[in-house]
Every structure is written in C-alpha cells, then in structure tokens.
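S.K.: Predicted model and sequence follow; I will ask about them next.
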Amino acid sequence: MIKPYEFSSNPSPVEINVDYQFETCNGHVYKVTFIEATRIIDILDNLPVVSNAVYVIVDPIYIQGNLILDIRIGSTVIDIIKNYLWETDRFSILVFNCDISDGRQKNRHHKFDRWFRNYAVDLNFEKIDEEILEPDETNGGYTATFISILYAADHPRKTIILQELSLLRSTIGADKLR
C-alpha cells in the first residue's frame, strides 16, 4: 500500500465546500477543492439529484522545480476523497473534472482513472466517465473535456442518478458527447 502524504483541510471540521492541501517530498504543494457543482455548472440546476453533486478540483498551487513521477500524489488525492466522504456524507455525488488549460486533459483523465482503480478499491464507489466536446473559438473545432461522476454503489437514489445522467447526455446533445 502506498502511503499518502499528510494533508489538512480548511475549514476544519470539514464542510460541503472545503479545500484540502498537501505538500510532496519534492516541495510541490497541491490543493484539492470540493465545491457545490451548481456554483460551477449551471446545466445541473434542472437535475434534482445530480444538482446536489460536489465538484472536485485538483490544482498544483506551488511547484518547486520540475514535476517528477510521484505515485504518492494519486494515493493522497484518493485518500482526501475518502476523508471528505467520511466527514460529510458517503452518499455525496462527486464530479471530477480534468483541467484543459494546457491540452493535457486526456492524460489527466487516464491518470485519475488509474488512481481510482488502484487506490479506491475499498471505497465501493461506481465511476462513470464522460467526454464532452466544447466549441473551440480559436480554431473552429472542439476541445474535449473529461469528467468522472462518482457515487456510492449502494446509493439509495442510484436509479435516479443514472436517469438524470442520461437526461444530461440528451440535453448536452449526442454530437457533443463521445
């Protein structure tokens, strides 16, 4: 088992909207933010269950030198997700979105998938991945955005979650989902 880095939360005790922070052995500092999804994604407002989702953002906030492979980062991010669920509500629906600012979102998506498979085996959560194509004004094409929706395998409203995700797909349009 990979030992995660120690992390702290703000505020403490943990609330729905919270930041966690940890520092790697190489001096890099990361922030994992949990924020109500409706503050970020307006389209969720019409979905009664999924609109209660919590958006998860992982950001490097202080990078000292070159980034090198550090397997403890993935273990720490998953440990933070577990801590958040234990402190708030294990039936929270989480939406994990990969940063698109540098065009490396597909790599981040694969990395998060690997972290989830390797470190969340005891979480008993299901994960649905979506790729959303958003118009790119700079070249007239599309930019792919990758999201993962996570929820407890025994979620009491699982059927409604799946129905609402299906409705979301039809609302966004099949031409924008892959």
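M.R.: Received it, and whenever you're ready, just let me know what you need. Residues are numbered from 1 along each chain as shown.

S.K.: pull the longest helix from the chain.
M.R.: If you go by DSSP state H, the chain has its longest helix at helix 71-87.

S.K.: For the spatially most central residue of the chain, give the beta-bridge partners.
M.R.: Closest to where the C-alpha atoms of the chain average out (Cα atoms, centre = their mean) is Phe96, at 1.7 Å. Listed beta-bridge partners, Phe96: Val56, Ser148 (assigned using DSSP bridges).

S.K.: That one contacts Glu130, correct?
M.R.: No - in this structure, Phe96 is not within contact of Glu130 by Cβ atoms under 8 Å, at 10.8 Å. The way it works is simple: take the backbone N, C-alpha and C, and place the C-beta from them, glycine included.

S.K.: joint contacts of these two?
M.R.: 147-149 (Cβ atoms under 8 Å, 6 or more residues apart in numbering).

S.K.: Hmm, which of those is lowest in pLDDT?
M.R.: Lowest pLDDT among the shared contacts of Phe96 and Glu130: Ile147, with 86.

S.K.: Any figure for the gap between Tyr84 and Leu67?
M.R.: With distances taken as Cβ to Cβ, to the nearest Å, Tyr84 is found 24 Å from Leu67.

S.K.: So between those two, which is more surrounded?
M.R.: Tyr84 (22 against 12; other Cβ atoms under 10 Å).

S.K.: In this structure, where is pLDDT below threshold?
M.R.: Where the chain drops to pLDDT under 70, the residues are 39-44, 172-178.

S.K.: Would you map the helices across it?
M.R.: Using DSSP H, helices in the chain cover 71-87, 105-119, 158-172.
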